[in-house]
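1. just need the structure, nothing else, for what follows:
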Amino acid sequence: MAEVKTRPGRDVRAELDKAAQEQALVRVSRSIRRSDKLDGFVVGIGQAWVLLALLDHNIYLNGYAALRLSDVSKVERRGGPDSFMGRALAARGEWPPVGVDVDLDSVGELIRTAAEVAPLVTLHIEEDDPTVCFIGRPVRFTGRSVHLREITSQAEWEKRPTKWAFADVTRVEFGGRYEEALTLIGGAPPA
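-> You can find the predicted model right below:
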């Protein structure tokens, strides 16, 4: 297992691009204090964000996470297509991991295009609290923020949208099994 640490002069984008080309599983660490390390396959890189097809610890693909490139501090290679993980995903019909058409150049467009791909998006504001996320359907965008009609952990829609500043969003997730379960039970947001 090769580890690549970001040092002065190292190009994180080049490391992530190489992992994408080689279909390598990576563990991504970020400079945000107490933020999660995420395991996945790089399936897209934009000007500001990188998109991972997330690997669940039970060895199946579990949606996508977009991370700010500026937060990525370490990329650890954890195996390629011939590794146990790659072979297990292939046996489950989940290989190779594929990307989705989302905009990775700005957070507003990322959230908007993620909402076109999946019914719910998950916003993380990790610099405030890395243990909390907000799941819902974007209902309005301004130049600097998104209004999110949130759904609770009991799959009940909140009455009023909440407002989140683009500058505060550190991670955007969508297409995972948890969001899928919330959609199955909660349905579409009320008009």
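2. what residues does the helix or strand where residue 149 lies touch?
-> Under the criterion of DSSP states H and E, residue 149 resides in strand 145-150. If you take CB atoms under 8 Å, 6 or more residues apart in numbering as the criterion, strand 145-150 is touched by 108, 111, 121, 123, 134-141, 157-158, 161-166, 189. For glycine as for every other residue, the C-beta is placed from the backbone atoms N, C-alpha and C.
3. go again using 10 Å as the cut-off
-> 107-108, 111-112, 115, 120-123, 134-141, 156-169, 189-190 (CB atoms under 10 Å, 6 or more residues apart in numbering).
4. strands paired with that strand, and their directions?
-> With DSSP bridges as the test, strand 145-150 is paired with strand 133-141 (antiparallel), strand 162-165 (antiparallel).
5. residues in contact with the residue nearest the centre of the chain?
-> Central residue of the chain (CA atoms, centre = their mean): residue 65, 0.8 Å from the mean position. By CB under 10 Å, 6+ apart, residue 65 lies in contact with 28, 36, 38-40, 49-54, 122, 124, 171-176.
6. give me the three-state assignment for it.
-> Applying DSSP: H, G, I helix; E, B strand; the rest coil to residue 65 yields a three-state assignment of strand.
7. residue 176 versus that one, what's the distance?
-> 9 Å (CB to CB, to the nearest Å).
8. can you pull the residues that touch both of those two?
-> Joint contacts of residue 65 and residue 176 (CB under 10 Å, 6+ apart) are 54, 122.
9. would you write a PyMOL line that selects the buried entries of the contacts of strand 145-150?
-> Only the buried entries of these go into this PyMOL selection, using 16 or more other CB atoms under 10 Å:
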select buried, resi 107+108+111+112+115+120+121+122+123+134+135+136+137+138+157+161+164+166+169+189
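10. narrow the contacts of residue 65 to those that are buried.
-> Buried subset of the contacts of residue 65 (neighbour count, 16+ other CB under 10 Å): 28, 38-40, 49-54, 122, 124, 171-176.
11. helices and strands around the helix or strand that contains residue 29, which ones?
-> Remark: residue 29 resides in strand 25-30, with elements defined by DSSP H and E. Contact partners of strand 25-30 among helices and strands, from 3 or more CB pairs under 10 Å, 6 or more residues apart in numbering; DSSP states H and E: strand 3-5, helix 12-21, strand 38-45, strand 49-55, strand 61-68, strand 72-77, helix 84-91.
12. beta partners for residue 165?
-> Assessed by DSSP bridges, residue 165 has beta-bridge partners residue 145.
13. surely it meets residue 111?
-> No. Using CB atoms under 10 Å, residue 165 makes no contact with residue 111, being 11.8 Å away.
14. re the thing from before, please convert the helices and strands packed on strand 25-30 to JSON lines, extending it with mean pLDDT and distance to residue 129.
-> What follows is these, written out as JSON lines (pLDDT from 0 to 100; distance: least, CB to CB, whole Å):
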{"stretch": "strand 3-5", "mean pLDDT": "39", "distance to residue 129": "27"}
{"stretch": "helix 12-21", "mean pLDDT": "95", "distance to residue 129": "25"}
{"stretch": "strand 38-45", "mean pLDDT": "98", "distance to residue 129": "17"}
{"stretch": "strand 49-55", "mean pLDDT": "98", "distance to residue 129": "21"}
{"stretch": "strand 61-68", "mean pLDDT": "98", "distance to residue 129": "17"}
{"stretch": "strand 72-77", "mean pLDDT": "95", "distance to residue 129": "19"}
{"stretch": "helix 84-91", "mean pLDDT": "95", "distance to residue 129": "31"}
